[in-house]
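Peer 1: predicted structure and sequence below. I'll ask about it afterward.
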Amino acid sequence: MSTATDVVVSAPDEAGVLTPEALDLVAALHREFHPRRDELLLARAARQARIDAGELPDFLESTQDIREGDWRVAPAPRDLQDRRVEITGPAGDRKMVINALNSGARMYMADFEDANSPTWENVVGGQQNLSEAIERTISLEQGEKRYALNDEVATLLVRPRGWHLLERHVLVDGAYVSGGLFDFGVFLARNAERLLERGSGPYFYLPKLESHLEARLWNDVFCFAQDHLGIPRGTVRATVLIETVLAAFEMDEILYELREHSAGLNAGRWDYIFSVIKKFRDRPEFVTPDRAQVTMTVPFMRAYTELLVRTCHRRGAHAIGGMAAFIPSRRDPEVNEVALARVTEDKRREAHDGFDGSWVAHPDLVPVALAEFDAALGERPNQLDRLRDDVTTEAADLLNVAATPGDVTEAGVRANVSVGIRYIAAWLQGVGAAAIDNLMEDAATAEISRSQVWQWVRHGRVERAEVERIIVEVMAELPDDPVYGQAREVFEKVALHDVFVDFLTLTAYAQLIRDDD
């Protein structure tokens, strides 16, 4: 146990990752902004209560002047102008960090959130990995193989945890710190000068925002932190994931709040689907069919992505497409052919729609996505000149889940149960991005699996007893390992409890902390 400036770290840090400067910034951020974070989380709960009572979201009357105003975000730094392919992966996996930076993608988003199980080893080790990557000293020996950085590597972006998550190994003045403030503060304090010396900067992705007021909080965090470290305002840049249905109604406002620090918006498709289920969980017209049927071409998803491109380009901001869950197989040619075809189709559609780039989760998919965006962009670094004035999106279009074709089937229930339990088991073992049934699963896709089960039981599309029977059958197919029993317990709490649990990671984190300790 170590202490510094009234900060208590209740876990080991043998490598000295948490420098006094980093802990000082984390403490300052906590004292300045933790009360506002708590207020905004209470506002989320109040908004949910109004939705439960029948309210539906709409574009805000109070910010109409912002939506209709003629303003633009700050121009992108040089190394953020061409983002045609971005690869993502957990910051805590050293091999993945090296491979992602070497992948040929323009950007690498190092994740402390949905693709990263927040064990203390992953959280602190992830910070060490990123500092060594910036210094170009990162390497890994595995048997006869050695991993090290190529001469040319991707530009680094970092995704801290969302506002809802705490870091329960760090106390400031007796209270746990926000996971997001911790991840951001440690990275910025350790690496801002390193990055600036190398002609880059501290670039971030911001997850799970539900309103422009939450974006305003992040912007104030950026201003405070830059002043604290003595670096110019505007040095920090952030891309916001539009991965909640409520944020989709406030895209202009979110860009406006962050305009000095904005690097664009991303279509966080999997969390977006989860958000639609979660927010309208008590309304039968929002029941979704089997997960595989909720594609990017169904009406409510199409409306959301086209509005995102139009909004971004009108404001001079980059629009980044979402993650294709399919992953290639180097062992099964048939699986590989299907995966490459699906990813090609997905990226071709996004490039045609005007996105400036998109996400992949595996190095083998970088050239697949790159080919589609090269064909669309040519020599241009982006498609900011495509304003998509042809797009007109109403509130009803964003809410038109009822037009989604497909059914709820036993196979869909079984797939959700199997994926949910297996993913949670991986997460409890420190793996936040897991290849399951030829798909890359992370916390967002697992959230869809468990929330659909909850929704289907709630609205009588499947009987609770049927889900319980399937759980028993799935468990019989899994290895005889206590971690699967723990995963089953978590899954049942978040999929079958009478009261909807907002995030499965909140339930699973309690188990993770017990195991971590």
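Peer 2: Received, thanks.

Peer 1: now the closest residue to Ile513 other than its chain neighbours: which helix or strand?
Peer 2: Once flanking residues are discounted, Ile513 sits nearest to Arg168: 5.4 Å by Cβ to Cβ, 6 or more residues apart in numbering. For the C-beta atoms, the positions are set from N, CA and C on the backbone; glycine is no exception. Using DSSP states H and E, Arg168 maps to strand 166-172.

Peer 1: got phi/psi on Phe249?
Peer 2: Here is the backbone geometry of Phe249 (degrees, to the nearest 10): phi -80, psi 0.

Peer 1: now stretch 160-169: how far from the chain's centre is it?
Peer 2: How far stretch 160-169 lies from its chain's middle: 13 Å, per Cα atoms, centre = their mean, to the nearest Å.

Peer 1: who touches that stretch?
Peer 2: 9-11, 37, 40-41, 112-113, 118, 120, 123, 176-184, 187, 204, 206-209, 214, 217, 502-503, 505-506, 509, 513, 516 (Cβ atoms under 8 Å, 6 or more residues apart in numbering).

Peer 1: so what would you say the end-to-end distance of that stretch is?
Peer 2: 16 Å (Cα to Cα, to the nearest Å).

Peer 1: numbering from 781 from now on, please.
Peer 2: From this message on, residue numbering opens at 781, which makes the last subject stretch 940-949.

Peer 1: the helices in the stretch 781-930 of the chain, which residues?
Peer 2: Along the stretch 781-930 of the chain, the stretches classed as helices by DSSP state H, counting those that start in this stretch are 800-832, 844-848, 874-881, 900-915.

Peer 1: so for the second one, what's the average pLDDT?
Peer 2: Confidence over helix 844-848, taken as the mean pLDDT, stands at 98.

Peer 1: same question for it: list its buried residues.
Peer 2: Ile846 (16 or more other Cβ atoms under 10 Å).

Peer 1: and the last one, by the same measure?
Peer 2: For helix 900-915, burial by neighbour count (16+ other Cβ under 10 Å) applies to 900, 902-914.

Peer 1: in terms of secondary structure, what does it contact?
Peer 2: Where contact means 3 or more Cβ pairs under 8 Å, 6 or more residues apart in numbering; DSSP states H and E, helix 900-915 is packed against helix 874-881, strand 887-891, strand 935-939, strand 946-952, helix 959-977.

Peer 1: packed most tightly, which of the ones you listed would that be?
Peer 2: Greatest average neighbour count among the helices and strands packed on helix 900-915 goes to strand 887-891 (a mean of 27), per mean count of other Cβ atoms under 10 Å.

Peer 1: return the list of strands paired to it, each annotated with direction.
Peer 2: Counting by DSSP bridges, the strands paired with strand 887-891 are strand 865-870 (parallel), strand 935-939 (parallel).

Peer 1: how near is Glu1174 to Ala1183?
Peer 2: Distance, Glu1174 to Ala1183, using Cβ to Cβ, to the nearest Å: 14 Å.

Peer 1: do Arg1202 as well
Peer 2: Separation of Arg1202 from Ala1183 (Cβ to Cβ) stands at 32 Å.

Peer 1: of these two, who's got more company?
Peer 2: Arg1202 (22 against 9; other Cβ atoms under 10 Å).
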